[in-house]
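*Asks:* Need a 3D model of the sequence below.
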Amino acid sequence: MARKQVYDDIPGTFVFDAERSRQGFGINMFCMSLMKDENRKAFKANEPEYLKRFRLTPEQTEAILKRDYNRMLELGGNIYFTAKLGATDGHSFQHLAALMTGNTQEGYAKMMLGGGRSVEGNRSRSGKNEPSAFIAGGAAKKAAKPKAKPKAKSKSKTKSKSHSAKRK
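*Replies:* Below is the predicted model of the structure:
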């Protein structure tokens, strides 16, 4: 079982961290295989059989066959790799994003042009519309904290007169 992270509290977000990378290795290798035309043709000819080439869990196989992109991300898929599956099916990234947000392409474009999703109702899974634990815990404050100014270096590169006089 994966260790809980503070960013797991952010709704609709599956951060592609080291744990998800390990978990989704099979999904991502499958998706990367679709970069070759012969692999795309083999996959489209018999999807379930082609997927047997990769170390996939039954849940990952099901998500791929159903084209459940959000589930693929939850199971370790990387958005840029899973987009190759969408492209294999002839879909644009905007089409995939619309699917993943429960919108039509037109609705998704309008939402994004209007500034994206509202934060209301999307702040945290656990906090009843409070800021996520990640933000409330001060991570945002720490990230925004100005860096300390470096100490000024001496502008003089020559030795002082007294030091030179002592050497003579």
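*Asks:* Distance of Thr82 relative to Arg3?
*Replies:* Distance of Thr82 to Arg3, given as CB to CB, to the nearest Å: 24 Å. All C-beta spots, glycine's among them, are computed from the backbone N, C-alpha and C.
*Asks:* Revised request: answer the last question for Gly77.
*Replies:* Going from Gly77 to Arg3 by CB to CB gives 19 Å.
*Asks:* who's more crowded, the two?
*Replies:* Shown here are Gly77 and Arg3; by other CB atoms under 10 Å, Gly77 has more neighbours (28 against 7).
*Asks:* Name the SS class of the more buried one, please.
*Replies:* coil (DSSP: H, G, I helix; E, B strand; the rest coil).
*Asks:* With His91 instead?
*Replies:* Classification of His91 into helix, strand or coil gives coil, according to three-state DSSP.
*Asks:* Give the burial count for it, as a bare number.
*Replies:* The local packing count at His91 equals 16, with neighbours defined by other CB under 10 Å.
*Asks:* ditto for Met100
*Replies:* Other residues within reach of Met100 by the criterion other CB under 10 Å amount to 17.
*Asks:* do the same with Met72
*Replies:* Here the neighbour count serves as a burial measure; for Met72 (other CB under 10 Å) it reads 27.
*Asks:* With Leu51 instead?
*Replies:* Leu51 is flanked by 17 other residues according to other CB under 10 Å.
*Asks:* What ranges in the chain fall below the confidence cut-off?
*Replies:* Within the chain, the stretches falling below the threshold (pLDDT under 70) are 1-2, 5-16, 119-168.
*Asks:* all helices for it, in order.
*Replies:* Counting by DSSP state H, the chain forms helices over residues 18-23, 25-33, 37-45, 47-51, 58-66, 69-74, 79-88, 93-100, 105-113, 133-136, 139-144, 161-167, given from the N-terminal end onward.
*Asks:* Can you give me the buried ones in the longest one?
*Replies:* In other words, helix 79-88. In terms of neighbour count (16 or more other CB atoms under 10 Å), helix 79-88 has its buried residues at Phe81, Thr82, Ala83, Lys84, Leu85, Gly86, Ala87, Thr88.
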